[in-house]
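Engineer: pasting the sequence and the predicted coordinates here, then a few questions.
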Amino acid sequence: MATTRTAHTEWEGNLPDGKGLVTFDSSGIGEYPLSWPARAETPNGKTSPEELIAAAHSGCFSMALSHGLTGAGTPPTKLETKADVTFQPGTGITGIHLTVVGRVAGLDEAAFVKAAEDAKANCPVSQALTGVAITLTAGLA
């Protein structure tokens, strides 16, 4: 069964001086301010589309890796995933780097890296972002 999740943004003003508010409608977890300076300079307590993509990608990747490891008989105790989404004003998103450190009993480093590469290639967010180079660093704790 397909699911749909919804968020919306209200934007006021021009790009450099304007401001926006992203609301997570489906979950109701809150509203988060965003602005061009938060995107192209420093966050100053505001979010950006790239940070939202990073959150989605790190979450999706972690779930895909957990599922793959569990299916192989080596469920993880813990996975810590960081997604760095790089934005270049005038160019756009130029790359995403995933870094994952896992605690997985009975699994060696090579098998963990292989499982992480598979999760990177097959998680739905990675697949949706195929127009951007996605790199990975993976290791066991």
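Structural biologist: Arrived safely. Numbers count the residues shown, from 1 in each chain.
Engineer: hmm, who's touching stretch 63-81?
Structural biologist: 58-59, 61-62, 98-107, 111, 115-116, 118-119, 122-124, 141 (CB atoms under 8 Å, 6 or more residues apart in numbering). For the C-beta atoms, the positions are set from N, CA and C on the backbone; glycine is no exception.
Engineer: make it 7 Å
Structural biologist: Stretch 63-81 is contacted from outside by 58, 61-62, 98, 100-107, 115-116, 118-119, 122-123, using CB atoms under 7 Å, 6 or more residues apart in numbering.
Engineer: end to end, how far does it reach?
Structural biologist: 10 Å (CA to CA, to the nearest Å).
Engineer: okay, buried residues for it please.
Structural biologist: Met63, Ala64, Leu65, Ser66, Gly68, Leu69, Thr74, Pro76, Leu79, Thr81 (16 or more other CB atoms under 10 Å).
Engineer: same deal with stretch 115-126?
Structural biologist: Ala115, Ala116, Ala119, Lys120, Cys123, Val125, Ser126.
Engineer: hang on, isn't the last one packed against Lys120?
Structural biologist: To tie it back to what came earlier, the one meant is Ser126. Yes. At 5.6 Å, Ser126 and Lys120 qualify as touching, with contact defined as CB atoms under 7 Å.
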